[in-house]
Structure formats: C-alpha cells, structure tokens
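Enquirer: when you get a sec, could you give me coordinates for this:
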Amino acid sequence: MAQTHRQLDFLFVAEQPLWPMDQGFCLRGSNMAQALRNLGLRVGIATHKPLPGDAPEHLKSMNLPWPIATDSDRDRFMHAWRGVGAPARRRVARYQGRNLPLFAGIIPLADRHRPKTVIALGQHGPMTLKALRDHPTIKRVWYAADEPVSFQLSCMGTEPLRQWPSRLTKAALYAAIECFFARGLDGAVGVSPRDTALLKRIGGVKHTTTIRNGVNLDYFTPTQDQAATPRSLVFWGRMDFEPNIDAALWFAQNVWPTLRQHRPDATWQIVGKYPHPSVQKLAQQPGIEVLGAVPDVRPHARNAAVTILPMRCGNGIKNKLLEAAAMARPIVASKQAVQGLGHTDQRRPAWQCHTPTQWVQAIRRLWADPQASARQGTLALNWVRAHHTWPHAAQQLARWVDSWRTQTDNTTTTQAKQPTIDIKTNTATKPRRAQHGYQTPTAPTHKKAA
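Expert: Model prediction:
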C-alpha cells in the first residue's frame, strides 16, 4: 500500500540545500519557508543535495528527501517539456550541465505530497517547474528574486571589452531559460520593481509581484555593550561573488588610499568565505585585513565604525545592507547598492555616494561625529523594522498566491459553489480564511527605536 502523505500548502525546491545561508537563494528560501510555517501553513523543503547535519532544527523539520526518479518518472518529466521549443530546452539544459534524471525527482515528489504551490529557488528553477505543467492543481512559482539576464548585463560596465563576449553568452543563456522554461508559469517573484518587470517582459510569466527581502531581527540586533573601533570600516559577503569582488577592488584602489592619507591609523576588514585571489592580495595594503570565513559576522559588523557597500554591479536588494541596518550600523553605499530598495520617502537607510571624493567625505564625517553616526544607525534600524521583515514578506506571498489562485479556481470550476476570498480585507474582528486554509493575520506593526 502506498504511503499517505499530508498535503502541503507550499513546497520549496532547489538544487542546493538551504544551509548554510551563504547565498541569496538560501537566505530567502529558508527564511520565507519558516515565516510561512509560522503563519500556520504546511511547508516542505526538498533539494537535490541533502541538508547538512549541522543545519538548524527548524530546517530539518521541514526537510523532505529528494526522490530517485523511476523510468516512468523520467518519461513524464521529459513529456512535460514537449511542445514548441522542446529541442531548445533540451540543448539549454545539456549546455548548462543539468542532471535531468535528478531533476525528474520532482515528479514523484509532487505525486507524494500534492502541494498546492511549488516554489522553485535559483536560476534553474524554471526547469523544475516546467515539468509540473501536467499537474493542473499545482501552482508553479519561480522565486527568482534578482532577474538573471539584467544581472549579467549590469556586470559589463565594470569589465574590459575583451570580456564582453563571454558575458553576453551568459546573458543569452539565462534569457533562453526564461523564454523556454519560465513562459507559462503561474507566477514569479522579484525583490525590486525593476526585477519584477523584467521577469514579466522576458519570461512571460502569468503573474508577477515584488516581495522585498526581509531580515532576521531577532538575530541581527543592536548592542550597547560593544564600542566600535575608531576610524574603522567593514565589508562582508561571499568574496567569490563577482559584485563583491569588484566592490572590494574598486574601493581599495579609488577610496582607501585617500582615507589612509588623512588617517594613517584607519583600518578596514573584509569578511567572507572563499576570498578571490585578487581580494586576498588586498591584505598587502596597509590597514586592510582579509579575514575570510568567520563563525559569526555580527561582532565584526558591530566593531566597525562604518559599514560600506561600494557595489558597482548586480541587482536586487543587498542582504548585507539589511543586516547592517538591523544592527543599527551607519552605512555608506553606492547607488547600485541601494537601487533595489525603492525608497518611498527621504529617510534613507544609507548615505549614498557617487564619486571617490564623496566616499571619503561621508566616511570621514561619520568617523569624526559619533552623534551623526548614531543618528544614522537609528534611522537605518527604524527603516528596516518598518519595511523588511520576513513575517510581512510571508503574508505578502500567501495573499498574492491566494489572489490569483482564487481567480483561476473561479474560472476553471464555474459550477463549484465556494466562497470568494477577499484578500484585500483584513479585519481583526472577523478573520478570513484564505485558500491555503489559514487565518490571515493582521499586518504587523513595528515600533520605532527610541
């Protein structure tokens, strides 16, 4: 007898495990899954590679093993790729080195857990979702976050011309993934309005929305008992990631020498695993320390007088900015680093700089004026509490999926007599039960820091 499994409201799928949270898709997937679960939803996570043993218990409790596909499963997987563009889909998958028999595990996974919505993480997520086209009751959502084609093109401005052909090839490959796999999906999520618009334009997804990243406010908290080192800077992130490598090298060449001329005792820590050889060489410059991987980035962030984000390429929202803001750290950032925030007012969480001279002036002012530095940190903390929490992001996602799920259900089952959910109404006196079977909570309120 086949084993009976409880139906899931949301199933998150990815190639790589969501632990450690050292990449954007891991951070978004793990935090969003937990926040949805906290709303009372049934959530599972399945990844091609197994979850590491040191993962936290809340991830282990949602973890589902990735099934081994049978020959029948593989046939169903490839059959779902049929139609216009099928040969191109197979060529793109082979070129990208994707293990399609492994991908085919999504078929028995969907049969077993019957999820209402499958959310695929990562740049190859649409390949998985395309295989579920013959599962009409499952809604397929690509949590793309940063639109990959524009990400590749954004890096061209920082590279010599001789590297452009390789960059354009990468952009074309990701455009092919969006055109041949994402088209026809039920939904896609971007983290900024620009990313969302491009997912709609290039991928042709039916429904799109912008859900900005959150930050774990319980983990990244301010502290009053750790004084910052005077005239110090910090920059953190995976240091094999192109935008981070470029940011560190640009700052070291264009800003750091001038700062050291004014303040010979200035120090700068570069924190993050897998530092590129070019980043490691920066440790040869006076005052720069390349730490590599650390057990906990928070002490280094709190110990620095200023957090810098000198990004010149990349899309979306920088998680390090949200983390620094949650710790009430003063932040100096480039235009590229803050472009995904979509400010609705003038209370910016970071000082924005465009030229090396502006960078030097902003950092020196924060170094010299502790009160201005504290005010900037408090402003950043209040801002992130108001706009970037995972509980709020999870409510957005659940309501968005319910909105077009209701529309689809009403269209395809016109004879069914079931109530229509008004997702726009959310009163405390009469909670409404959403399609996923949970009571939609009221939006959280966030008190400003004193």
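
Enquirer: Pro370 - how many residues pack around it?
Expert: Look at Pro370: counted by other C-beta atoms under 10 Å, it has 14 neighbours. C-beta here means a position set from N, CA and C on the backbone, and glycine is covered the same way.

Enquirer: chain center to the host helix or strand of Arg375: distance?
Expert: Assigned by DSSP states H and E, Arg375 falls within helix 370-387. Distance of helix 370-387 from its chain centroid, counting by C-alpha atoms, centre = their mean, to the nearest Å, is 23 Å.

Enquirer: leaving out chain neighbours, which residue sits closest to Arg74?
Expert: Leaving out its chain neighbours, the residue that sits closest to Arg74 by C-beta to C-beta, 6 or more residues apart in numbering is Ala104, at 4.5 Å.

Enquirer: so that neighbour touches His79, yeah?
Expert: No: contact criterion C-beta atoms under 8 Å: Ala104 and His79 do not qualify, at 10.7 Å.

Enquirer: between these two, which is the more surrounded one?
Expert: The neighbour comparison of Ala104 against His79 (other C-beta under 10 Å) goes to Ala104, with 25 against 13.

Enquirer: contact partners for that one?
Expert: The contact partners of Ala104, by C-beta atoms under 8 Å, 6 or more residues apart in numbering, come to Ala69, Asp73, Arg74, Arg76, Phe77, Met78, Ala131.

Enquirer: roughly how far apart are it and Ala131?
Expert: Ala104 sits 7 Å away from Ala131, going by C-beta to C-beta, to the nearest Å.

Enquirer: overlap of the contact sets of these two?
Expert: Joint contacts of Ala104 and Ala131 (C-beta under 8 Å, 6+ apart) are Arg76, Phe77.

Enquirer: related to what we said a few turns ago, buried members of the contacts of Ala104 into PyMOL, please.
Expert: The PyMOL selection below is limited to those of those classed as buried (16 or more other C-beta atoms under 10 Å):
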select buried, resi 69+73+74+76+77+78+131
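
Enquirer: distance check, the residue nearest to Arg74 against Phe181.
Expert: To Phe181, Ala104 is 15 Å away according to C-beta to C-beta.

Enquirer: ok, now Ala337?
Expert: When distance is defined by C-beta to C-beta, Ala337 is 30 Å away from Phe181.

Enquirer: swap in Val191?
Expert: Distance, Val191 to Phe181, using C-beta to C-beta: 20 Å.

Enquirer: cool, and Phe251?
Expert: Per C-beta to C-beta, Phe251 is found 37 Å from Phe181.

Enquirer: can you name every helix or strand that the helix or strand that contains Ser166 contacts?
Expert: Assigned by DSSP H and E, Ser166 belongs to helix 164-177. Here helix 164-177 touches helix 86-95, helix 148-154, going by 3 or more C-beta pairs under 8 Å, 6 or more residues apart in numbering; DSSP states H and E.
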